[in-house]
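Student: following is a predicted model, sequence given first.
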Amino acid sequence: MYSALDSLDDARKVFDKTRERTIFVWNAILQALSLAGFGEEVLGLYRKMNRIGIPSDRFTYTYVLKACVAFECLVSPLKKGKEIHAHILRHGFEANVHIMTTLVDMYARFGCVSEASFVFEKMPVRNVVSWSALIACYAINGKSFEALELFREMIVETHDSFPNSVTMVSVLQACAALAALEQGKVIHAYILRRGLDSGLPVISALITMYSRCGKLELGQRIFDRIERRDVVCKLSRMWAFHNPPANATTVAVQPTSDSSE
């Protein structure tokens with residue numbers, strides 16, 4: 001609602017003039033501010049909600065958690081996030097998959113791998129976004145082997161949460177970090193089988209993975225097939241050429257084929 005207005009200033013003016021502020025009205029302004037990166041303002045409004053007794057719902061917590069990692073949130077953002085986590089538990093939202101997945105993502109962005117893992121393990125229900133969030137957490141925080149192990153677990157243990165392109169980008173990043181060529185080839189085959197090879201992020205991650213594994217010619221082949229040669233892909237190739245591959249590592253993680261489909 002508010003985010004559809006021409007500016008956040010206009011949105012805030014409309015909000016300030018609204019007398020009947022239901023939870024939907026509060027969530028609308030929180031969403032608009034959160035999307036714009038105004039973390040401090042979101043947290044300020046959240047504190048005001050608590051003071052006047054407006055109960056939060058799953059949307060409120062999602063927007064507030066995202067605000068904790070916004071660039072403009074300058075004052076102890078991790079501490080704020082942990083406070084929100086405590087509020088979530090106190091108000092009985094620990095079983096909500098959307099909120100808990102956002103928590104995993106928040107901790108991942110702060111490099112708090114153990115906290116993200118703890119939240120994930122306590123989730124009674126997980127979806128593809130939940131799995132992808134923790135896999136990404138491991139991949140971006142130097143836990144590449146753990147990222148691949150969790151991907152294997154996702155494939156083996158879930159029957160209704162198939163990996164998507166976001167998942168595969170993180171898995172390929174883990175393969176690249178380990179220079180795990182054989183594992184990367186297995187992942188590439190899985191991507192082709194699932195039809196996940198058309199998105200530019202996946203293509204870029206594939207090029208980077210092969211390049212980091214010392215197979216620049218394979219990365220070149222993928223690049224040459226791209227009709228729209230995105231700048232990201234070009235940067236991936238440039239980056240790979242200037243970063244020699246580490247010692248090759250084979251990780252014993254292999255997605256099942258027909259059984260997982």
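Tutor: Cool, got the structure.
Student: got the confidence number for Ile226?
Tutor: Reading off the confidence values, Ile226 has pLDDT 74.
Student: what helix or strand does it sit in?
Tutor: Ile226 is part of no helix or strand, with elements assigned from DSSP states H and E.
Student: go ahead and confirm it touches Ile203.
Tutor: Yes - with contact defined as Cβ atoms under 8 Å, Ile226 reaches Ile203; the gap is 6.2 Å. Every residue, glycine included, has its C-beta placed from N, CA and C.
Student: more neighbours, the two?
Tutor: For Ile226 versus Ile203, neighbours defined as other Cβ atoms under 10 Å are more numerous around Ile203 (24 against 14).
Student: and the more buried one, what element?
Tutor: helix 200-212.
Student: next: Gly37.
Tutor: Using DSSP H and E, Gly37 sits in no helix or strand.
Student: which SS class is the nearest residue to it once chain neighbours are set aside?
Tutor: Nearest residue to Gly37 in three dimensions, chain neighbours excluded: Ala70, at 4.5 Å (Cβ to Cβ, 6 or more residues apart in numbering). Following DSSP: H, G, I helix; E, B strand; the rest coil, Ala70 is assigned to coil.
Student: who's in contact with Ala70?
Tutor: 34, 37-39, 42, 77 (Cβ atoms under 8 Å, 6 or more residues apart in numbering).
Student: please report how far it lies from Gln31.
Tutor: Separation of Ala70 from Gln31 (Cβ to Cβ, to the nearest Å): 12 Å.
Student: over to Ile203?
Tutor: Taking Cβ to Cβ, one finds Ile203 at 31 Å from Gln31.
Student: before we move on, back to that, which other helices and strands contact the very next helix or strand once past the helix holding Ile203?
Tutor: Next in sequence after helix 200-212, counting helices and strands by DSSP H and E, comes helix 216-224. Applying 3 or more Cβ pairs under 8 Å, 6 or more residues apart in numbering; DSSP states H and E, we find helix 216-224 packed against helix 200-212, helix 231-241.
Student: and if we set it to 6 Å?
Tutor: helix 200-212 (3 or more Cβ pairs under 6 Å, 6 or more residues apart in numbering; DSSP states H and E).
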